[in-house]
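Colleague: Okay, predicted coordinates and the sequence, questions at the end:
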Amino acid sequence: MQPNAPELENAGETVYDEIDESLLAPGYENWTDLNRFMQTVLENPELSVEQRVQYIQQAYERTKDKTDILVPRSAADIKEILENGKFEFDWPDELGFNPGYTAIGEGTALPAQMDRYGHAGGNNFCSIPEAGAYTFLQRSLPYLENSAAYHAWSFNGDTYLAKIEAVRQQDWNGLNGLLASEGLAPVAFGSDGGADQWTMPLSAWQMEKLGILY
């Protein structure tokens, strides 16, 4: 089950300044093509944050292959635009977990399935309820909904802790100090919050290679 995009139609609405449609190409092929245009917009100091977001949203709508592309839903959710041309969102503290989250360890009831929106290099996931995947609002994500960015896996909880410990013993950079945490996504970015959220010490791609996600 995919989240229902119309639920976000009125969430975090922004009144935009006018933009020059002639700066937009008739279409963009994929993320590489779109990102090239995004950088020219983000690095243009003459444009307001609202204008930059609107240009990116318009270009996104014209992109043919939207695989793993996440663009801002509203300029109101953006804290600043960094010197490298990246958005800095006004993320909640504590990795976005509500107070009282716990670390994954012996006895933790790990989910049978996990999912995420975005590329496999990320390490934030949600469990998948029986009723279907959490919406963007429930996940407190500040992006336009995109079903082409959705990924779901079965989770091999039986060997998860053993494999993570094996990785730790190889002393990969910084892995010893990482702590995988579970909790609930808080209300943020004008969203509902409440998704069952998991932050793991490895990315989706790394856990696929280890047979943890399949």
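Modeller: Looks like it arrived, so ask away.

Colleague: Figure out the length between the terminal residues of stretch 133-150.
Modeller: Its first and final residues considered, stretch 133-150 spans 10 Å by Cα to Cα, to the nearest Å.

Colleague: Of all the residues in that stretch, which ones are buried?
Modeller: 133-146, 149-150 (16 or more other Cβ atoms under 10 Å). Yep, even glycine has a C-beta here, placed from its N, CA and C like the rest.

Colleague: Off-centre distance for that stretch?
Modeller: The chain centroid and the centroid of stretch 133-150 are separated by 8 Å under Cα atoms, centre = their mean, to the nearest Å.

Colleague: Report the mean confidence score over that stretch.
Modeller: Averaging pLDDT along stretch 133-150 gives 93.

Colleague: that older thread, which two of the buried residues of stretch 133-150 have the greatest separation?
Modeller: Maximum pairwise distance in the buried residues of stretch 133-150, criterion Cβ to Cβ, is 17.8 Å, between A133 and P142.

Colleague: Just the buried residues of stretch 133-150: which are in strands?
Modeller: By the criterion of DSSP state E, membership of those in strands covers Y150.

Colleague: Name the nearest of the buried residues of stretch 133-150 relative to I81.
Modeller: Of all these, I81 sits closest to P142, with 14.0 Å by Cβ to Cβ.

Colleague: And the buried residues of stretch 133-150, which is closest to Y117?
Modeller: Looking at the buried residues of stretch 133-150 and their distance to Y117, the nearest is A149, at 4.7 Å (Cβ to Cβ).

Colleague: Relative to E88, how far out is the closest one?
Modeller: From A149 over to E88 the distance is 20 Å, taken as Cβ to Cβ, to the nearest Å.

Colleague: now the strands for this protein?
Modeller: Under DSSP E, the chain gives strands at 78-81, 87-89, 102-103, 113-117, 124-127, 150-154, 181-184, 196-199.

Colleague: Present those strands as CSV; the columns should include distance to P45.
Modeller: Below are the strands of the chain laid out as CSV (distance: least, Cβ to Cβ, whole Å):
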stretch, distance to P45
strand 78-81, 10
strand 87-89, 15
strand 102-103, 43
strand 113-117, 30
strand 124-127, 32
strand 150-154, 35
strand 181-184, 38
strand 196-199, 35
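
Colleague: I'd like to know how many residues surround E208.
Modeller: When neighbours are counted by other Cβ atoms under 10 Å, E208 registers 15.

Colleague: State the pLDDT value of it.
Modeller: Looking at E208, its pLDDT is 80.

Colleague: next one: L42
Modeller: At L42, pLDDT is 90.

Colleague: So it sits against I81, correct?
Modeller: Yes: at 5.9 Å, L42 and I81 qualify as touching, with contact defined as Cβ atoms under 8 Å.

Colleague: Need the overlap of contacts for those two.
Modeller: Residues touching both L42 and I81 by Cβ atoms under 8 Å, 6 or more residues apart in numbering: R52, F87.

Colleague: neighbour count winner among these two?
Modeller: Comparing L42 with I81 by other Cβ under 10 Å, the one with more neighbours is L42, at 21 against 18.

Colleague: For that one, which non-adjacent residue is closest in space?
Modeller: Spatially, and ignoring its direct neighbours in sequence, L42 is nearest to G85 (4.0 Å; Cβ to Cβ, 6 or more residues apart in numbering).
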